[in-house]
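>>> Here is my input, please return the structure:
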Amino acid sequence: MKKSTIILTSMLLVLLLAGFGYSADVKKGIHVGNAGAFTGDAAAPCMEIYNSAQIAVDEWNAKSGIQGVKIKQIMGDDAMDPAQGVNVAHKFVADKLMYGVVGPPMSHIAQATMKIYGAADLACITTAASKPSLTEQGYRHFFRVNARNDAHGWNCALFMKNYLHAKRVAIVNEKTAYNVNMAKETIAGLKKLGITDVLQETIVGGAKDYSSVLTKVKAFKPDVLFFVATTAPDQAIGVRQARELGIKAVFFGTEGAKDKKDFIAAAEGAAEGAYVYHFAPDIYAIAEAANYVKKYESTYEVLSGFGPPAYEAMNILLTAIDQAAADGNITRKEVVQQLHAIHNYKGILGFPVNFDKKGDLEGGATYFFKVVGNDFKQVAVMTGG
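Model prediction:
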């Protein structure tokens, strides 16, 4: 046999073993991945995601794991870079003991890795990636425990009109998949509600100075400034510079701004009275979450809101893996099938989790918070009505 033929045959074998066709004895081990930006400006929320998922893994392991096998969570750092996200996906797919992934939490990384995970039938449960098209491509392996941008955009438009009484809105969005789509969905919602005085400008995340764009915003004299950026540090710069320029508009940040340290504290008082939306509820108000909150805060820092959906997602993933492994053998395809069969999963988020046939969360909501002192106060919940 020619050397090239041997190499090709070996490569095909590796792909088959890594893919959905590979059936393994559960006793060989169970790995679960966690894909996210664990370095860079988004490290804080992503580490909250990882640590919360680890609490779930530790709880399962304390109860003998799955079929008596301890579960190992493996970190995959994409640093918010699609190329690194692709590397993480290939690493996870090549791991024969990997049966599911929590993440990626960002839409542009999920978009870049969708085909890789899908080809290997490796289940992914994102906690935050909200671009609608992610679940419109025909893949069955991708699930969300968060609502989509078409829901968030409409809800944000409703919030601006009904709660903030906006008539003129300035939208400043970063040039990434999630932010561009979120701006688009919100503008469509505003127009549907009859708010047509809308200014849209773009920024580059991590630029550290948004004064040139914010000067245009000031001249527009909006009632509301919707700052659609990914990370809390960028949001803090945005609100601080807006106040320094004398912009009187209500500052409205996206989910990335819900961080006490990197948004409220970093804004040095400028965030007071600002609003943010988020994909997760006020976890402190949910009785079922008390034990999780106690465990998290006794080991890590104060929760911002990114962790609870990750704890939920990991528990759902491990439930599916446990069911797939009931006969002692397991395949990735079985895990995906069990995730599609999840019905009314009751965890810590205050509502039963169900996935539709695309993998989207059924009945997802958007939660709105106001900065009051050094904390976020939930002021509204919207479900599209």
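>>> mind listing the strands for the stretch 151-300 of the chain?
168-174, 197-203, 224-228, 250-253, 275-278 (DSSP state E, counting those that start in this stretch).
>>> next SSE after the helix or strand harbouring residue 88?
Residue 88 belongs to helix 82-94 when assigned by DSSP states H and E. Sequence-wise, the next helix or strand downstream of helix 82-94 (DSSP H and E) is strand 98-102.
>>> relative orientation of that following strand and helix 82-94 in degrees?
Interaxial angle of strand 98-102 relative to helix 82-94 (axes from the mean of the first three to the mean of the last three Cα atoms, to 10 degrees): 150 degrees.
>>> Just the residues contacting the helix or strand just after strand 98-102, thanks.
Per DSSP H and E, the first helix or strand lying C-terminal to strand 98-102 is helix 107-119. With contact meaning Cβ atoms under 8 Å, 6 or more residues apart in numbering, helix 107-119 is reached by 19, 35, 37, 78, 80, 82-83, 85-86, 88-90, 92-93, 101, 103-104, 124, 126, 129-131, 133-134, 137, 139-142, 176-178, 181. Where C-beta positions appear, they are placed from N, C-alpha and C, glycine not excepted.
>>> so of the strands of the stretch 151-300 of the chain, which one's packed in deepest?
strand 224-228 (a mean of 27; mean count of other Cβ atoms under 10 Å).
>>> Remind me what that one packs against, helices and strands.
Here strand 224-228 is seen to pack against helix 149-162, strand 168-174, helix 177-192, helix 232-244, strand 250-253 when contacts are counted using 3 or more Cβ pairs under 8 Å, 6 or more residues apart in numbering; DSSP states H and E.
>>> Which elements pack onto the helix holding residue 88?
helix 3-18, strand 30-36, strand 71-77, helix 107-119.
>>> Apply 10 Å and report the result again.
helix 3-18, strand 30-36, strand 71-77, strand 98-102, helix 107-119 (3 or more Cβ pairs under 10 Å, 6 or more residues apart in numbering; DSSP states H and E).
>>> before we move on, the earlier item: selecting buried members of the contacts of helix 107-119 in ChimeraX, what would you type?
Remark: buried members of the contacts of helix 107-119, expressed as a ChimeraX selection using 16 or more other Cβ atoms under 10 Å:
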select :19,35,37,78,80,82,85,86,88,89,90,92,93,101,103,104,124,126,129,130,131,134,139,140,141,142,176,177,178,181
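>>> returning to that earlier point: quick one: closest of the strands of the stretch 151-300 of the chain to residue 296.
Closest approach to residue 296 among those (Cβ to Cβ): strand 275-278, 16.8 Å.
>>> Tell me the strands beside the closest one, with direction?
strand 250-253 (parallel), strand 366-372 (antiparallel) (DSSP bridges).
>>> Just send those back as CSV, with distance to residue 62 too.
Shown next, in CSV, are those (distance: least, Cβ to Cβ, whole Å):
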stretch, distance to residue 62
strand 250-253, 38
strand 366-372, 31
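>>> Out of the ones you listed, which gets nearest to residue 352?
strand 366-372 (17.0 Å).
>>> In CSV, list the strands paired with strand 275-278 along with distance to residue 150 and mean pLDDT.
Output for the strands paired with strand 275-278, formatted as CSV (distance: least, Cβ to Cβ, whole Å; pLDDT from 0 to 100):
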stretch, distance to residue 150, mean pLDDT
strand 250-253, 18, 98
strand 366-372, 11, 97
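>>> Could you check the ones you listed and tell me which one is nearest residue 155?
strand 366-372 (3.8 Å).
>>> tell me the domain ranges of the protein?
Residue ranges for each domain of the chain read 3-147+286-354, 150-278+367-382, as given by automatic domain parsing.
>>> Quick check: mean pLDDT of the longest one?
Spelled out, it's domain 3-147+286-354. For domain 3-147+286-354, mean pLDDT is 91.
>>> Now find how far off-centre it is within its chain.
Taking Cα atoms, centre = their mean, to the nearest Å, one finds domain 3-147+286-354 lying 12 Å from the centre of the chain it belongs to.
>>> And residue 144, how far from residue 235?
In this view, residue 144 and residue 235 are 23 Å apart by Cβ to Cβ, to the nearest Å.
>>> returning to what we had before: redo the strands of the stretch 151-300 of the chain as CSV? Include distance to residue 316.
Converted to CSV, these look like this (distance: least, Cβ to Cβ, whole Å):
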stretch, distance to residue 316
strand 168-174, 30
strand 197-203, 35
strand 224-228, 29
strand 250-253, 28
strand 275-278, 20
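>>> Nearest to residue 381 among the ones you listed would be which one?
Taking Cβ to Cβ, strand 275-278 is the member of those nearest to residue 381, at 10.4 Å.
>>> same question for that closest one, mean pLDDT?
97.
>>> end to end, how far does stretch 56-70 reach?
12 Å (Cα to Cα, to the nearest Å).
>>> what does that stretch contact?
25-30, 32, 34, 71-73, 97, 99, 102, 291-292, 295, 299, 310-319, 321-330, 347-348 (Cβ atoms under 10 Å, 6 or more residues apart in numbering).
>>> What residues of it count as buried?
56-57, 59-61, 65-67, 69.
>>> residue contacts, residue 215?
Residue 215 touches 241, 245, 247, counting by Cβ under 10 Å, 6+ apart.
>>> wait, the second one sits on residue 217?
Pointing back at residue 245 there. Yes: the criterion here is Cβ atoms under 10 Å, and residue 245 meets it with residue 217 at 8.2 Å.
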